[in-house]
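S.K.: Need coordinates for the below:
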Amino acid sequence: MEERSSCRIVQADIDIKRWMTALPSVEQMRPPRCPCCDVASRPVNGPRVMRGHGLRERQVCGPLDPGDAPQQVTVRARRYRCSGCGAITLVVPRGVLRRRRYAASAIGWVLARIGLDGATTPVVRAEVCGAVIVGVAAAERWLAPSRWIEASRRGQLFPRLGRHSAESRRAHIAERTAMQLVALSPRGGAGEPAAHLAFRGAALAA
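M.R.: Numbering: from 1, shown residues only. Presented below is the predicted three-dimensional model:
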């Protein structure tokens, strides 16, 4: 989805599944401050600055829970307009990334499966992509993981994790990023697969 340069994306502390079950109200998701001019959203004894500005649909791909079947869902993000500077803010569920079709969790899953489990591209594509794949060659040429690894190298995919050395091999970047995501994840049951932990950690790192 293309966003105007004046638009900012803010992630709510609500995951995609919960958000789709019950769309939060305008008041619940109103940012406390404008992310562009830093003016308080609701000044004391003053009118609201961040005003509801409708909804915008986002297509998001990937499983909603670790290990589930892949889906392509439509998320209705809440828009707000700052009456001070005019900037538009888009509030989205946790894990929805700017200019990316796949949820952060799905990307974390892929990096863990490739970097830690040694899974092949056709296998991980089937696990996170709900689209029908025509031919073996199409699956093998799936370029998304390479783009995600390069974005991770530059610190643009999960900014909280920092950058990787320009000399690092892609396999090493996938492994290192996945390990960082696992470390961020809330712990589940004993012996839970690393990909499950990376799935949850990625939503928090986004």
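
S.K.: Of all the helix elements in the chain, which one is longest?
M.R.: As assigned by DSSP state H, the longest helix anywhere in the chain is helix 170-184.

S.K.: what does it contact?
M.R.: The contact list for helix 170-184 (CB atoms under 8 Å, 6 or more residues apart in numbering) reads 108, 111-112, 114-116, 145-146, 149-150, 152-153, 157-158, 160-161, 164, 168, 194, 197-198, 201-202, 204-205. For the C-beta atoms, the positions are set from N, CA and C on the backbone; glycine is no exception.

S.K.: Could you list the buried residues of it?
M.R.: Residues 170, 173-182, 184 are the ones in helix 170-184 that count as buried (16 or more other CB atoms under 10 Å).

S.K.: before we move on, the earlier item: please indicate which of the contacts of helix 170-184 are buried?
M.R.: By neighbour count, with 16+ other CB under 10 Å, those hold 108, 111-112, 114-116, 145, 149, 152-153, 157-158, 161, 164, 168, 194, 197-198, 201-202, 204-205 as buried.

S.K.: Strands of the protein, start to end?
M.R.: 8-15, 50-62, 71-82, 88-94 (DSSP state E).

S.K.: and residue 39, which of those is closest to it?
M.R.: For residue 39, the closest of those is strand 71-82, at 6.9 Å, according to CB to CB.

S.K.: which other helices and strands contact the closest one?
M.R.: Applying 3 or more CB pairs under 8 Å, 6 or more residues apart in numbering; DSSP states H and E, we find strand 71-82 packed against helix 16-21, strand 50-62, strand 88-94.
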